[in-house]
Structures are given as C-alpha cells and as structure tokens.
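1. Take this sequence and fold it.
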Amino acid sequence: MTVSAPDATCDPRYGADARISIVLVDAAGIEVLKTTAPMADAGGFSAVVEIPIQSAKGVMAVNAMPHGVDWCDDTGRNNRVGRGELPLERASCALPTKPLNITN
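-> Sure, this is the predicted structure:
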C-alpha cells in the first residue's frame, strides 16, 4: 500500500533529513506496523508499506505525522506562532488518521 501526502503550503521547513512516521493500527486496536520514511522539507512524502498478514479484519487506522518533530505544539511555546514570527492560527492537534478496510 502507498501512503502519501503533498507538500504543505505553509512552508513548515522540516529540513533535508526529515522523516515521516507511519503507524498502522488494526481493527482490534493493535499497532501492527510502525516505520519511518523520507519526507520533503515541505512535508510531502510517498512511502510503500506492507500490511502485515496478521492484521485483524475490519477498519484499520493509517496514521502519518512528522517524525521527531513537535508537529502540533498547542501551547505556543515551541513553535513560530508562540514567538510571534508568523501570524498563524493554531491548528487542531487531532491525530491525522485515515481508515483502511481490511477484508481478507
């Protein structure tokens, strides 16, 4: 399966060695895969992952977020919003998740 996202439009500046963390949680609530893959400075990525054969049938959660980055600091202390560098609104810190239905 390919997990991907386009570059962000807000210039997040993740850096040349940025990575994306990809986690698959099966229908039984078990984390069946946790890996990282290269991510562009602007956040875009495309990674091929194998769905483990032991995954429970049903709806699996596919999570992807920047690895090793405080990607959603809603306190404003550790990001450019808190330092007043950019006039941004704080975003929701909900885990970015997409469903995947496992049938066989």
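
2. helices and strands of the protein: which one bottoms out on pLDDT?
-> Among the helices and strands of the chain, strand 97-102 carries the lowest confidence by mean pLDDT, DSSP states H and E, at a mean of 77.

3. for that one, packing partners?
-> strand 58-66 (3 or more Cβ pairs under 8 Å, 6 or more residues apart in numbering; DSSP states H and E). In this view, the C-beta of every residue, glycine as well, is placed from N, C-alpha and C.

4. switch to 10 Å and redo it
-> Helices and strands touching strand 97-102, by 3 or more Cβ pairs under 10 Å, 6 or more residues apart in numbering; DSSP states H and E, are strand 2-5, strand 19-25, strand 58-66.

5. Of all these, which one is nearest Pro38?
-> strand 19-25 (6.3 Å; Cβ to Cβ).

6. Report the rounded mean pLDDT for the closest one.
-> Summarised as a single mean, pLDDT over strand 19-25 is 93.
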